[in-house]
Every structure is written in structure tokens, then in C-alpha cells.
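K.L.:
structure for this input, please:
(chains A and B)
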Amino acid sequence: MRYLPLTKADRAQMLAKIGAPDIDALFRDVPQAAVVPLAAFDLPDGQGELEVERALSSLAAQNRAAGAGPFFCGAGAYKHHVPAAVDHLIQRSEFLTSYTPYQPEIAQGTLQYLFEFQTQVALLTGMEVANASLYDGSTATAEAVLMAQRLTKRKKAILSGGLHPHYAETVETVAALHGTVERAPVTPGRAEDIAALIDADTACVVVQSPDLFGLIRDLKPVAEAAHAKGALLVAVVTEIVSLGLIEPPGLQGADIVAAEGQSLGNGLNFGGPYVGLFATREKFVRQMPGRLSGETVDAEGRRGYTLTLSTREQHIRREKATSNICTNSGLCALAFTIHLSLLGEEGFARLARANHARASALADKLAAVKGVSLITPAFFNEFTLKLPKPAAEVVEVLAARGILAGVPVSRLLPRAAGDLLLVAVTETNTDEDCDAFVKALQEVLS
Amino acid sequence: MTMNSQGRPSAPTSFEPRALPTISGDRGLDHEEKLIFELGRPGVSGVDLPEVQISDTRLGGQRRRAPIGLPGLSEPEVVRHYVRLSRMNYAIDAGLYPLGSCTMKHNPRLNEAMARLAGFGDLHPLAPVSAAQGALALIAELMRWLTTLSGMPAVAMSPKAGAHGELCGLLTIRAALAARGEKRGRILVPEAAHGTNPATAAFAGFTVVEVKGTADGRVDLDDLRSKLGPDVGALMLTNPNTCGLFERDMMEIAALVHEAGAYFYCDGANFNAIAGRVRPGDLGVDAMHINLHKTFSTPHGGGGPGAGPVVLSARLAPFAPLPLLLHDARGFRLIENREDLPADAKPFGRLCAFHGQMGMFVRALAYMLSHGRDGVRQASEDAVLSANYILASLKDVMSAPFGDGPCMHEALFDDRFLHDTGVTTLDFAKAMIDEGYHPMTMYFPLVVHGAMLIEPTESESKESLDRFIHVLRTMAQEAKVGARERFEGAPRLAPRRRLDETAGARNPVLRWKPKPLQRAAE
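P.N.:
Predicted structure coming up:
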């Protein structure tokens, strides 16, 4: 087996040193009833690299990659161009094959990029502090609600109808254990009156912008209404590139920002691994979940970084920890950080403008197709179309023609209007892709 | 003095190489590196993008007003910055990484290549299922491996890490209890458990009750018996346990737990010691998470991402979270919403958006196919053999707390051998850094004083193990004879000396701030 260095002779010598007659002797504490022969496992024996590559490539070939043709899916996962340098750098052994930086003297590389990541996330979201990542945007949102429940000592979380349904369900799963979760009505293309739902038991309101339907929300009035009743505003961002063009939630009064960072540096990966971004105000930092890299000095007075405020965490505080999280999304955070470093202020703003311009142009063309209307008045790079036919059917027909036209709302909300289609457009979509989509949609609907 | 072929001295006769300050502040290959925010200049970008003008008409009045504050760097500058940072890290590719309970084994590069195939890496999670049949087939095949190796009938694939898997398991148990019309609020956790166990139990809304251990590092059955009762929902037990030992009384423990009407959750963090030899399902386990980033070698990546699928017994299987994967005549199907559930499914909810850590699934399956069942078994045996070899080779100079029996995949030592030497576990571990090794896990498990937990994994050659043993033996002997120089203030040869963690926590600096902001804050 190519990954196992020990030879038969090594094993014999090692057993002799141990004083064990055979390997079974080392497993003597296992109850006999639980010892099974190899034949009990109905699985194949080992294979060479060539054979494994062949088997997995054949499975990969049965999937339609986003880059294989016109592609317009979003709804919380976005296809962007990731510069080649990103994937090269994150595969450096020293990043890829290191552990959580518990020994800071030999993990300054990880600790420094996490410190840079934290700074980038704080800057992008307009918040004061950010952690070193959570699993993804949905679990970050759930953690934000739990944190708001702890901070306010109140029970109820109110979720906007524009919050991604998977996020809402993730929040319900954990927040309902410690309080209650109320979901506001779904109002595609417009903001619901969420302020009216806030009461004296409300820990937080959770609003996504741009929301599920692509709508850019004005968070300020929600923040004001929440704060007036002693509740917090949790702002959710599923498309982080939007913050290159629109006002960050931190400047609109958000107390906690939970976001998905996949768009920067990370591929679609069929849904994971992604990277959860989590930012808040400095005064709340001791209630924040997740790891933090902090600046300090070493014994010679040199600047260095170390994990800090660990007394919030499970390995120190056990059942009193702010979260049970241990493994996070370190390498995805690195990819995010490198991609954003490559873009810089100028590149990031250009990327955001290119996304909006492309989406805007395609929205106009699609809305001109007979029977189709655009229901999202203000958007970044994703909008919702109302179709004269069930969106799921249209998507299947277009997929058979080689065009992945977007995500039917019914896939996420089976009870909602079946005629709504979410369409995302990024810098990766060419004019030809867009024209092919418009033409095919015309044909399918005529 | 040695001489080279030109007859000139090839080695300096006397100077302290670390003592002479350099002009640059760098030392040979050892470069100091500023923060990215202290580099670059406005207007520069490492990505060429067209300048596009847009109107504000569709931004809802929300156009960003202030700049973000990101630096501008070209690609070569960014590449150099992160390459330099990388060189300040220790890594399994560079050396033995004996972190107990973390399983730092070799990460095959084939697995990286497979995860990056466009059909997996560039596949959208909400692409029509007709366009993702290969991905769903891969998940189904991985599920087959996990259920077969564990001897359990079902598996929930969406948990994103070990602790997330623990949450999945406990919420499944919670739902099963609720379906029985019972509300059992307590979870039993041995005192030697990973911190995530009690943290997860609290996260899932349970109260934690600690179970004592015995003098030989196992669960105390009498204490367990006394704490089981009608208010106990589950026992969470790591096996092999955090002391690196197999819980001999596993089947009796399972019987006691089940007799009390509770469920048996096993923390499968140490499954890598027994995979291919022992099936947790045969031991009476109801739920167990499997860390794909440990046992099946998806890279740790400096702290993640991981994946923590949870295998489930038949009685817990109906309560597994959304999404569900089904197969019928039309192919693979995902059940993503409650509206579409089959009659027998009662999921407790959803743990995260989409379907789990696909990138990790591809890597783990590549590992499994490469090893095969025979290789998985051999890997477990080699991991256990290597740990026992270390235990046998060091126990006369270090001190092993739990007698002469064999360990599983990790060898536990305590600090009795350092008694009265003035050297602490921390000093000993930090001195390993100067020897070119990553320290072992220190001060865990908590039940052993000054614990040092060494997990060599199956990835080390005998030569590598012998060299490691030689270094640790010599260090232990030096400590015992009072030669403390090597330990005091170690490490000396790392990119940094010991960091002041207390000052860091008292006055936390968690981000870079531009100068004017710093002044304003002062």
C-alpha cells in the first residue's frame, strides 16, 4: 500500500520490541464478539492511483460543471473566477497539512493570515471585529441568533421571509432549543414589515440583504426598530461580492453580521466546504463563537500572533463555552483572504460593478421576453423572474438544452409560487451565454 | 576544521550564528513579513478586470459610500507574501506531527486532484439533480463505505465537522426521545472527554453530568450505573478513549445505557485505530460521528474544513436531518424539504445549507478506494503498532500512567518523570520544536497530570519513529539529570519565541487598524 511506510520486517521488529506475539495481541482489549474478519466487510481491496482516478473521473463526468456552458444558478452559492494563484498557494504543504495553530511559535503563517482574514471581514462588513471563520453562512447565522439570545437574555428570534430557507431551517434547528423562532411572511421582490413583529421578548431580527430574491434591503429602519425595543439586528449576506458595491450592514446598524464567503477564493463544490464569516461589535466579543487570532509579542519583544480569548471555547470552557465549534474553515478562509488580497480595493470594486452591470443587462433582456416579468426592483447580481410556466419545468427543459437557467424558488420553498425563478449573473457569464439564455427562454415559452 | 576542495575553510570556527543581527531583519531563508495591510499602494490590483460604469438606479439607494480600506498589490507581491507566511508553519508534509487525538497522517495529493475535477469542484449545489447524478452516486458510495465499516445501517452526511456531527447525533437522539414521548434532559460525559462533548450537549439543550474514570483510564462502571436513570438521554463516550485505550467494557456499557432507556453516542474521533477491524455497530453504539479529516485523511488545512458524517442505528435512522438521499428507478434523488418526505422519515431539521462537505467526501472516498478494506485495516494496525512501539520505547525514561497494557493509536504519558526537575510538560513540548518536531498534545486528557499524548499515525517509517524516540529519550534523560538549558525558554530556533498569551487576552488586538483609527482609539 503506497501510503504505508512500514515493511513486514519493520512490523516484526516493532512487535518484538513491544513484546507482543502478533498484532492481535495489541487489540486484546476489544471484546471478542466485536472482532470481525476482513471478509466481513463487503468492500473492494486497495487500488492504484490510476484506477482510483479513473473511477472518480467517471463519476465527475456524470455531472454538469458550471463552467461547461451557460450557467445562472445562485441562491447562496456563486460562480466567480478564482485566480490560479489562490489554489496554488492554499495547496502549499505548510498551509494544507498543518493543524489548528495551537503552537504559535511554529504556526505564525496560519495565525497571521487569520488575523488578516479577521481584518478583511471586519472591513468588508463595516463591523469592528470578526472571528477566524465558522463552517458556512448558514451555521454562522444560527450562531449569531444564539449569541443574540445570550446577549439579550431574551428568547425570540424573528427571521425575515427573505432569508435563505436553508438558513432559516438551520437557525430553527438550534435556536428553537434555547428559545423560539418566528418566520415572517415571504414577500418576493419587496420587504416585509418585520418591525411590526418585534416585541419585548425579541432577542433579534435576522434580515438578509441582498435577500433570497436578490432584493437589496434597507437595513437602517429595521435596526432602529430593533434597537428601540432592546433587540439586535443580525444581518446576513450570502453573496459577499455585493459589499463591493452596496452599503455594508455595519454602517446600517447591524449588531452581528453572518455571511457566506464562498464567492471569494472558493469553488462551488456542490455546497461545501464553504466559509462562514462572523463579525460583530467589539463590546460583544466575549460572547462571540469561534476562534480568534490576536496580536501579541514574543519573549524577544517581536510582534507575533496567537489564538486568544480561548476561555470562550470548548477545549477550555467545556459545557460553558459560547459554541461547540472546534474545526472551522481555515483553508477556505485562506482562499478568501488571498483572493481578496489579489483583488484589493480597486479590483474588488471593479468585480462588484461588473457583476451588477452584467446582471442588470440580462435582467432587461429577460424581462422583455413575452410573459416574463422582473419582480426584483433593486438587486446586485441576482434577481427573480416571474414566468408564465412552472419554473422547475422551464429549468429542466433548458438544462436538457445545455443551459442551467437558475434556481426555481419551488426547490427551496415548495409551497411558494411555482412560477418564480432565481437568476444569478456574475463576471463569468459571457454575452454569448446571456444571449443563448434569452433565445432559449423565448423558444421554451412561445 | 573541514576543508572544501579549494582548500578554504568550509565551516566557520567560532561565532554565534543567531547572535549577529542582520541589516534586513531577515535571517537567510527566515523572512520577517509585514501584514498585508502594511504592504501595497492604492490603485494596484492583482486581478485585471474591465472598468465598467454603472448607474445607481437599481441599487435601492444603497450604493456604498466609503472605501473599504483594502490594500492594492500585484500578483507577485501577493504570492510572495503568502509564500513567506507559509514558511513560518510546521506541517505534516515537513515532519512528524505527533499531536494526540488529532491524527496528523499523510494527505495524499491524488485526493486533492480528485476534489478539483470540474464535475465536483465546479458543481452547483442546486443544479438540477439530473445534472448532478455522479455527485449523488459518489455520496451514496461513501455512505456505503461508512455504514459497512461501522456496521451501522444509516448515515447522516451533512455535518461539517466532528463537533457538528456530535450535534447531529444528539439532536437525532432528542428527536427519538420526543417521539417516545419522553423528555430526558441529561447527558452523561466521562471526565476524560474531548471539550466538544460537554459543549455540544449544552448547545443541544441538555445538562451535562460527568462520569468518573477508573485508575486504569476507563469509564467507572459503578459511577456510570449510579448516574443512569430515567432523566438520562444518552451517554457520550469516546472509544478508543482519549487516554488512547479501548473501553474493554464497551458492551456492558451499551447494555447498561440501553437498559436505562438511554442512547449510546460514541465520539468516533479515534475510529482510525479500529477501522477495518472493529465495527461500532457490533458494540451497541446508536450514533457515532466519523471525522473524515482524521480517519480518512482529508487535510486539516490549519484548522479546517473537515466533515463529520454520523452513522446511526436502525432506531435512530428515521430522525436523521435533511437532506436525504434516495435511489429509485429514475436514479438518485435528494429530499430537501419536509413537504417531500417519505412516510417513514421524521428528520429533526436541517444542520446547514445544501448537502454537506462534498469536497471532503471526494477526498475521503479517494482515500478509501486507494486503501481498500485491506489497506484501511492495515492502516489501523500500523497506527496502533507505531503508538505501542513508542510506548514500549519510552516508558522506561518517561512515565506512562496506565500500566503495562497495550495502547491503541496513541501513547499517553504524564509528567511524573519530570518531578523535581524544574522542567514542565510545556517546557518539554516546546523544546521538541527546537529539535524539529511539532509538540505532542499537552495537558489533555485532563484526567492525567501534565499529560503528553503522542499519536504517530501509520504514516511514519520505522526509521522516522526511531529517530523521534532517540530525541525524546535523550531529552527525558537530560531533564532528569538537571540539564535544563534545553528546556528553559524553548523554543529558540522557531520563527518566534514563546508568545505572550496573557497580554494578548487581557487587551485583545483582533484586527489591523489604519493609523488614524489607531490614534483616535488611543
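
K.L.:
next, the closest residue to residue A:296 other than its chain neighbours: secondary structure please.
P.N.:
Once flanking residues are discounted, residue A:296 sits nearest to residue B:504: 3.6 Å by Cβ to Cβ, 6 or more residues apart in numbering or on different chains. (C-beta placed from N, C-alpha, C; glycine too.) Three-state assignment for residue B:504 (DSSP: H, G, I helix; E, B strand; the rest coil): helix.

K.L.:
quick one: is the helix ranked longest in chain A near chain B?
P.N.:
Criterion DSSP state H: the longest helix present in chain A is helix A:330-367. Yes - for helix A:330-367, a contact with chain B is found by Cβ under 8 Å from any Cβ of the partner chain, at A:330-332, A:334, A:337-338, A:340-348, A:350-351, A:353-354, A:356-357, A:360.

K.L.:
quick one, strands of the stretch 251-400 of chain B?
P.N.:
Listed in chain order, the strands of the stretch 251-400 of chain B (DSSP state E, counting those that start in this stretch) span residues B:263-267, B:287-289, B:310-312, B:324-328, B:331-335.

K.L.:
scratch that, chain B is what I was asking about
P.N.:
Under the criterion DSSP state E, strands of chain B are mapped to B:154-156, B:186-190, B:207-211, B:232-238, B:263-267, B:287-289, B:310-312, B:324-328, B:331-335, B:411-413, B:441-442, B:452-454.

K.L.:
now the angle from the second one to strand B:232-238?
P.N.:
Yep, that's strand B:186-190 we're talking about. Between strand B:186-190 and strand B:232-238, the angle comes out at 20 degrees (axes from the mean of the first three to the mean of the last three Cα atoms, to 10 degrees).

K.L.:
just the fifth one next, same as before
P.N.:
Orientation check (the same axes, to 10 degrees): strand B:263-267 against strand B:232-238 gives 20 degrees.

K.L.:
and strand B:263-267, which strands flank it?
P.N.:
strand B:232-238 (parallel), strand B:287-289 (parallel) (DSSP bridges).

K.L.:
if we can go back for a sec, thought the residue nearest to residue A:296 was touching residue A:310?
P.N.:
No - using Cβ atoms under 8 Å, residue B:504 makes no contact with residue A:310, being 10.0 Å away.

K.L.:
out of the two, which sits in the busier spot?
P.N.:
residue B:504 (25 against 18; other Cβ atoms under 10 Å in any protein chain shown).

K.L.:
right, and the strands of chain B - which one's nearest residue B:224?
P.N.:
strand B:207-211 (5.3 Å; Cβ to Cβ).

K.L.:
what lines up beside the closest one in the sheet?
P.N.:
By DSSP bridges, strand B:207-211 pairs with strand B:186-190 (parallel).

K.L.:
pull the partner strand out as CSV, backbone CA atoms only.
P.N.:
Only the C-alpha atoms of strand B:186-190 are listed here, as CSV (Å, rounded to 0.1, in the frame of the first residue of the first chain):
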residue,chain,number,x,y,z
ARG,B,186,-29.2,14.9,31.0
ILE,B,187,-26.3,13.6,29.0
LEU,B,188,-23.5,11.6,30.7
VAL,B,189,-20.0,12.5,29.6
PRO,B,190,-16.8,10.9,31.0
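
K.L.:
what sits against residue 357?
P.N.:
No chain specified, so I'll use chain A. Contacts for residue A:357 (Cβ atoms under 8 Å, 6 or more residues apart in numbering or on different chains) come out as B:52, B:53, B:54.

K.L.:
switch to chain B, please.
P.N.:
By Cβ under 8 Å, 6+ apart, the contact list for residue B:357 reads A:272, A:273, B:160, B:292, B:305, B:306, B:307.

K.L.:
and with 6 Å instead?
P.N.:
Neighbouring residues of residue B:357 by Cβ atoms under 6 Å, 6 or more residues apart in numbering or on different chains: A:272, A:273, B:160, B:307.

K.L.:
then residue B:372?
P.N.:
A:44, A:45, A:46.

K.L.:
wasn't residue A:20 part of a strand?
P.N.:
No - under three-state DSSP, residue A:20 sits outside any strand and is assigned coil.

K.L.:
count the neighbours of it for me.
P.N.:
19.

K.L.:
which residue is the nearest non-sequential neighbour of it?
P.N.:
residue A:26 (5.7 Å).

K.L.:
that neighbour is in contact with residue B:382, isn't it?
P.N.:
No - if you go by Cβ atoms under 6 Å, residue A:26 and residue B:382 don't touch, sitting 10.9 Å apart.

K.L.:
more neighbours: the two, which one.
P.N.:
Taking other Cβ under 10 Å, residue A:26 and residue B:382 do not tie; residue B:382 has more neighbours (26 against 22).

K.L.:
list the contacts of that one.
P.N.:
A:4, A:6, B:458.

K.L.:
re the thing from before, okay if I get the contacts of residue B:372 as JSON lines plus distance to residue B:315?
P.N.:
What follows is the contacts of residue B:372, written out as JSON lines (distance: Cβ to Cβ, whole Å):
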{"residue": "A:44", "distance to residue B:315": "30"}
{"residue": "A:45", "distance to residue B:315": "33"}
{"residue": "A:46", "distance to residue B:315": "34"}
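
K.L.:
now list the buried members of the residues you listed.
P.N.:
residue A:46 (16 or more other Cβ atoms under 10 Å in any protein chain shown).

K.L.:
okay, the contacts of residue B:372 in a markdown table with secondary structure and distance to residue A:416 next?
P.N.:
Formatted as a markdown table, these follow (DSSP: H, G, I helix; E, B strand; the rest coil; distance: Cβ to Cβ, whole Å):
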| residue | secondary structure | distance to residue A:416 |
| --- | --- | --- |
| A:44 | coil | 44 |
| A:45 | strand | 49 |
| A:46 | coil | 49 |
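
K.L.:
state the phi and psi torsions of the nearest residue to residue B:336 once chain neighbours are set aside.
P.N.:
Among residues not flanking residue B:336 along the chain, residue B:323 sits closest, at 4.6 Å (Cβ to Cβ, 6+ apart). Dihedral angles of residue B:323 (phi, psi; degrees, to the nearest 10) stand at phi -80, psi 160.

K.L.:
before I go, just wanted to say thanks for your time.
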